[in-house]
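Enquirer: need coordinates for the following:
(chains A, B, C and D)
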4 protein chains.
Amino acid sequence: MIVIMQVGATAKQISAVIQRIEEMGLKAHLSEGQERTIIGVVGDDRKAAERDTLGLLEGVERTMRVSHPYKLASREFHPKDTGVPLNGSVVGSKKVVVIAGPCSVESKEQIIETACAVKEAGATALRGGAYKPRSSPYSFQGLGEKGLEYLAEARQVTGLPIVTEVMEPGMVELVSRYADVLQIGARNMQNFPLLNAAGESQRAVLLKRGPANTMEELLMAAEYILARGNSNLMLCERGIRTFETYTRNTFDLNAIPVLKSRTHLPIIADPSHATGKWEYVGAAAKAAIAAGADGLILEVHMEPEKALSDGAQSLRPEKFAELMKQMRRVAEAVDREL
Amino acid sequence: MIVIMQVGATAKQISAVIQRIEEMGLKAHLSEGQERTIIGVVGDDRKAAERDTLGLLEGVERTMRVSHPYKLASREFHPKDTGVPLNGSVVGSKKVVVIAGPCSVESKEQIIETACAVKEAGATALRGGAYKPRSSPYSFQGLGEKGLEYLAEARQVTGLPIVTEVMEPGMVELVSRYADVLQIGARNMQNFPLLNAAGESQRAVLLKRGPANTMEELLMAAEYILARGNSNLMLCERGIRTFETYTRNTFDLNAIPVLKSRTHLPIIADPSHATGKWEYVGAAAKAAIAAGADGLILEVHMEPEKALSDGAQSLRPEKFAELMKQMRRVAEAVDREL
Amino acid sequence: MIVIMQVGATAKQISAVIQRIEEMGLKAHLSEGQERTIIGVVGDDRKAAERDTLGLLEGVERTMRVSHPYKLASREFHPKDTGVPLNGSVVGSKKVVVIAGPCSVESKEQIIETACAVKEAGATALRGGAYKPRSSPYSFQGLGEKGLEYLAEARQVTGLPIVTEVMEPGMVELVSRYADVLQIGARNMQNFPLLNAAGESQRAVLLKRGPANTMEELLMAAEYILARGNSNLMLCERGIRTFETYTRNTFDLNAIPVLKSRTHLPIIADPSHATGKWEYVGAAAKAAIAAGADGLILEVHMEPEKALSDGAQSLRPEKFAELMKQMRRVAEAVDREL
Amino acid sequence: MIVIMQVGATAKQISAVIQRIEEMGLKAHLSEGQERTIIGVVGDDRKAAERDTLGLLEGVERTMRVSHPYKLASREFHPKDTGVPLNGSVVGSKKVVVIAGPCSVESKEQIIETACAVKEAGATALRGGAYKPRSSPYSFQGLGEKGLEYLAEARQVTGLPIVTEVMEPGMVELVSRYADVLQIGARNMQNFPLLNAAGESQRAVLLKRGPANTMEELLMAAEYILARGNSNLMLCERGIRTFETYTRNTFDLNAIPVLKSRTHLPIIADPSHATGKWEYVGAAAKAAIAAGADGLILEVHMEPEKALSDGAQSLRPEKFAELMKQMRRVAEAVDREL
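Expert: Model prediction:
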């Protein structure tokens, strides 16, 4: 941390800051500039959020953090890529994985039929929500445990592992009984009790970036899960909230290379939510692969015009199969496979 | 809902849309424009999110919603102000209430001392967090149930009711044993299991707007709580996330008059989080009252430079007492009292 | 400026950074931390944007600026409030000024009638656009010089000074012939040739914050005008662009106290644009005064439902007169007058 | 346009709205819903911005636009792709064009050397700014006309056409004497006098999206240029402003497919500004091609660490040459060429 004194701060004020730093068990390092004095605080920035209160001392203009606040998630301290096993592949390797399926599990037939279709087209895993976070209490809220059972049946039929959302800490155990990968949805990215529970589970976790969360906050949320000992963790960029209204979200494509450079964890992209309209999903999916994503999660529905949720952004199976072919070509052009 | 056909949509496409509307048990109402046809869908917009899928039919350009998605929270269907009783006052009446106290409960002495100070200055209720949502797993996470006990002691000493945060549905019962008002924090505004649990509790609820949530989403979150039967509900504007970096959040002052016009629920402002710096809290607090807020929630700490959280935005008791006097003058200038 | 080296940067890399700093004619000041080295650059941050390129040297993680990039606009280097004379008052004094009038000059009768009405209600100056920046080429673009003539006639009738927009550097001379205050609109906040031309004119300037510009960028735009020698300058907060859709813009109320603390220039608020709807203008206007604004600019139209622009956010004269009374009470409650 | 009446609007209020619509020379089309009445306004939405004032009539809740506000830029009314000739290629054809060069022209040697390097690597055109919009008046502002002369010399040496920025309407003629393509920078996207002047020039135009402008506003800015008769127009996505701080801007990748579907004009991507850091430029550039961009504009500098502007986001020539090869492979994977 660096403490920047005001222009014209007095010697007494500077001494008081140094004294307070030393009271904290840290060392102060003084540097006199042309206009003002700055004081370096030598020690670990992370374990002392209270250090921000140095900014309240007299004569201090502001403080600036030097270290990144995350450590376990950081490539700086863990340079080697983390790979997460999924259906015989490794997420975070040369292979680009594809997780596909409907937004919601709507019926046994629907999920099994869709699972077969996406498997046929080459998907690595099956997605489908049994518990659905919905903005409106009047919208379909998911089939609950019944939905989890149907997912398990779809897995039995196809062999595809299951990626499904868990919405509260008290449900982690139940959902873990059925799921291969626990999805933590965008709205729950900073649901800290849920992060802690997921960190303590034995399941792999797919953590989605909140629509208004910075990449740093995403890495800090990952830090919660890693700190509890679960490193089978994938991060997911699914679009952020901006002023633009022609799309449901703004796909932060930059997040893919930036996160790859900052963390060792694999990065998944969700072009369905990132665009919100099926006609743009293909372009965003191909772009994600070109930018270096380790995997994709895509919504596929047999009859989007009858879907109980997210119909507008769901691909029909034949469109999905066609997109798989296109994506394979792009993957090869950047020395990946799919 | 209105369905807007593409320029050049065919009669067959139009018929297909009408047929689908009628299959949904609704009526279609056709209107031929100069450039294109639009089709009104007669029926309740709210209970049929799936209706959005009309946008997927051939020849449809887009659909537009006519009704607001909230109903119980709406002033349209409930014109009279809802008042929430708090310490002998009614939140949502002429009286502007002030909820004050530290960000976190740090010790028994701290919370009792602060409670006495804010009571002396005229506060209506005491705030203080026992469970703290923190971006970093390395930051102070609150004292937990011990913190709730200290809050209860502070209530016993001062008579001030307690406003404190609950972070997960499984904790609603425990926190309700100590708290007078359950606070749902900004990051949990769309934690739907928590909203449901709060909706079923007997306690009043203070629901904070998420930093990247629209007012409409806030009203929909309120709808969850109201739909479960709890109408002792206050909404809170606490700043939203924007590109601006000189402040912690951007105080959406407009939200006060806009929400007052759209809902019958009382509106509280949180100038501490809305600015993030104690030196701007006073200006924002007075502005909130001038704009029609029904109450304020303010962070007060005996020694902000030693606070375990949010020191930078906490007022010292003497500053708070001085601000109370200033706010009283502004309240009177807009025919309120404080 | 501070240069933060990567964890594990080599001595050779550190030397190269120091050498480059010295080549720039500056001094380097080394500080070895627990994890990494940081290097302070002693010298003026402002005149060397190229110094950012230190971030490109090997072993450097990033650079951080210490000084604010503005100086002439800064309260740090110019602690005393700047006052701008307007119609016998001083903007930036105890008196809160009110600039009122229609969005656009539509006819001679309209502007004179409105000028009389706002004068009668106590306005300090008349606003009205002769040149209008419009998102659509199909919208009314203003009356041009004819509009300026009508404004001059309205001044003659009422004695109110004229605040009107100038959109391009080549028009500064012409507009200055008619206007008392040149308004630089939000979309032109970073139209640098226009800022330069306004800086060289003899007229006072009202500079509006761009809808997506930070306060720092506003202060830098002010710096352009001040650097050319014109310090008759007022800054204006008129709402920023966010994700919220219930209002036209998000009124950044915080900007008022924050700018007042950072600059000596007077701060005006524009509640008409900041809300976009006349029914919320009053709340925002009173809030602005409570927060410390030095003045307000408000849209008033004789018949808003027939306005050629911004009808939705314009007040009728009788509403404006009533608001003036309410604002006066709030001004007095914060020891100002109006 | 559709007028949505309030729940409970009276017959008299409805009549008044219909009468006002008819006064405007338009037809009203009534539709009675379950909760409320809606009124369709039959006629062209575009030429009557004042129609928004219908929202001010009593009993009206709000109005909604049906048509897009742009027409000349619209694919709806002009389905065929527009191609812009550039150096023997056509922007908007199978060929993906690459415009490359330094942010600023810094010297004759620099621009000629860079031009040779980018030509060698396969660039279609040369970029370089002679007039630079800079946030700070203390930053390098460009060489002015001297810079234009150097650009012309670089064209003579290499044969590459010149893309360079024009910042004010009064300079269009001068810049047009040297440039092949007039660039309108992001901050000037809504500089309407400049758009008009560019619309009247004989040069092709590259119009950049403003960092906080919606795609619709970009299309409306294009409409200004097209309305003046210049259809040699390319649009450019260069990143938008969001809350994210790890990158200079947020690359709105979605804008590529969305704009391609809404307009017939070619779409260029600017990965240099969209990321702000050279190490992410490659990922973003490949993604843009995968998503369907018709061209790229990229910053290349011989010695980024000595650049007078934008060094951090500039590629060295050898990195650029390597990226060209990678981009070519991605282009082929989506059936384009480069």
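
Enquirer: who's in contact with the residue of the stretch 1-150 of chain A found nearest chain D?
Expert: Residue nearest to chain D within the stretch 1-150 of chain A: A:H68 (10.4 Å; CB to the nearest CB). For the C-beta atoms, the positions are set from N, CA and C on the backbone; glycine is no exception. Each residue near A:H68 by CB atoms under 8 Å, 6 or more residues apart in numbering or on different chains is listed here: A:S74, A:E76, A:E216, A:L219, A:R262.

Enquirer: and what of A:A9?
Expert: Residues in contact with A:A9 (CB under 8 Å, 6+ apart) are A:R36, A:T37, A:G59, A:V60.

Enquirer: do the same with A:L54
Expert: Residues in contact with A:L54, defined by CB under 8 Å, 6+ apart, are A:M1, A:V3, A:V17, A:R20, A:I21, A:V41, A:V60, A:T63, B:E305.

Enquirer: so what's A:V3 bridging to?
Expert: A:I39, A:T63 (DSSP bridges).

Enquirer: where's it relative to B:L308, distance?
Expert: 19 Å (CB to CB, to the nearest Å).

Enquirer: repeat for A:A198
Expert: According to CB to CB, A:A198 and B:L308 sit 26 Å apart.

Enquirer: between those two, which has more neighbouring residues?
Expert: Applying other CB atoms under 10 Å in any protein chain shown to A:A198 and B:L308 shows that A:A198 carries more neighbours, namely 28 against 22.

Enquirer: show the contacting residues for the residue of chain A found nearest chain B.
Expert: Nearest to chain B in chain A, going by CB to the nearest CB, is A:A212, at a distance of 2.7 Å. For A:A212, the contacting residues are A:I240, A:R241, B:G210, B:P211, B:A212, B:R241, C:F243, D:F243, by CB under 8 Å, 6+ apart.

Enquirer: surely it forms part of a helix?
Expert: No. A:A212 is assigned coil when assessed by DSSP: H, G, I helix; E, B strand; the rest coil, not a helix.

Enquirer: please name the nearest non-neighbouring residue to it.
Expert: Spatial nearest neighbour of A:A212, excluding adjacent residues (CB to CB, 6 or more residues apart in numbering or on different chains): B:A212 at 2.7 Å.

Enquirer: so the longest helix seen in chain A, near chain B or not?
Expert: Ranked by number of residues, the top helix in chain A under DSSP state H is helix A:317-333. No. Using CB under 8 Å from any CB of the partner chain, helix A:317-333 stays clear of chain B, coming no nearer than 12.2 Å.

Enquirer: if you count contacts, what does that helix end up packed against?
Expert: strand A:97-101, helix A:108-121, helix A:278-290, strand A:295-299, helix D:317-333 (3 or more CB pairs under 8 Å, 6 or more residues apart in numbering or on different chains; DSSP states H and E).

Enquirer: let's see it at 7 Å
Expert: Under the contact criterion of 3 or more CB pairs under 7 Å, 6 or more residues apart in numbering or on different chains; DSSP states H and E, helix A:317-333 touches helix A:108-121, helix A:278-290, helix D:317-333.

Enquirer: CA-only coordinates of the shortest one in PDB, if you can.
Expert: Spelled out, that is helix A:278-290. Extracted in PDB, the C-alpha atoms of helix A:278-290 (Å, rounded to 0.1, in the frame of the first residue of the first chain):
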ATOM      1  CA  TRP A 278     -30.000 -16.700 -30.800                       C
ATOM      2  CA  GLU A 279     -29.000 -15.000 -34.000                       C
ATOM      3  CA  TYR A 280     -25.900 -13.500 -32.500                       C
ATOM      4  CA  VAL A 281     -24.900 -16.600 -30.400                       C
ATOM      5  CA  GLY A 282     -22.800 -18.100 -33.200                       C
ATOM      6  CA  ALA A 283     -20.700 -15.000 -33.800                       C
ATOM      7  CA  ALA A 284     -20.000 -14.600 -30.100                       C
ATOM      8  CA  ALA A 285     -19.200 -18.300 -29.700                       C
ATOM      9  CA  LYS A 286     -16.700 -18.300 -32.500                       C
ATOM     10  CA  ALA A 287     -15.200 -15.000 -31.200                       C
ATOM     11  CA  ALA A 288     -14.800 -16.500 -27.700                       C
ATOM     12  CA  ILE A 289     -12.800 -19.400 -29.200                       C
ATOM     13  CA  ALA A 290     -10.700 -17.100 -31.300                       C
END
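
Enquirer: rounded mean pLDDT for that helix, please.
Expert: Helix A:278-290 comes out with an average pLDDT of 98.

Enquirer: picking up where we left off before, quick one: the contacts of A:L54 as a markdown table, columns for neighbour count, secondary structure and distance to C:D270 too.
Expert: Formatted as a markdown table, those follow (neighbours: other CB atoms under 10 Å in any protein chain shown; DSSP: H, G, I helix; E, B strand; the rest coil; distance: CB to CB, whole Å):
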| residue | neighbour count | secondary structure | distance to C:D270 |
| --- | --- | --- | --- |
| A:M1 | 22 | coil | 39 |
| A:V3 | 26 | strand | 37 |
| A:V17 | 23 | helix | 40 |
| A:R20 | 21 | helix | 42 |
| A:I21 | 23 | helix | 44 |
| A:V41 | 26 | strand | 42 |
| A:V60 | 22 | strand | 34 |
| A:T63 | 20 | strand | 34 |
| B:E305 | 19 | helix | 37 |
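
Enquirer: where does pLDDT dip in the stretch 51-200 of chain A?
Expert: A:51 (pLDDT under 70).

Enquirer: who's in contact with A:L298?
Expert: Neighbouring residues of A:L298 by CB atoms under 7 Å, 6 or more residues apart in numbering or on different chains: A:V98, A:A100, A:P271, A:S272, A:V281, A:A285, A:L315, A:F320.

Enquirer: just those residues now: which is nearest B:K94?
Expert: A:S272 (49.8 Å; CB to CB).

Enquirer: just the helices in the stretch 1-150 of chain A please.
Expert: A:11-23, A:108-121, A:145-158 (DSSP state H, counting those that start in this stretch).

Enquirer: sorry, back to before: so which of the helices and strands packed on helix A:317-333 is the most packed in?
Expert: Highest mean neighbour count among those (mean count of other CB atoms under 10 Å in any protein chain shown): helix A:278-290, with a mean of 28.

Enquirer: contacts (any at all) between chain D and that helix?
Expert: Yes. In terms of CB under 7 Å from any CB of the partner chain, part of helix A:278-290 sits within range of chain D, namely A:E279, A:Y280, A:A283, A:A284, A:K286, A:A287, A:A290.

Enquirer: thanks a lot, see you next time.
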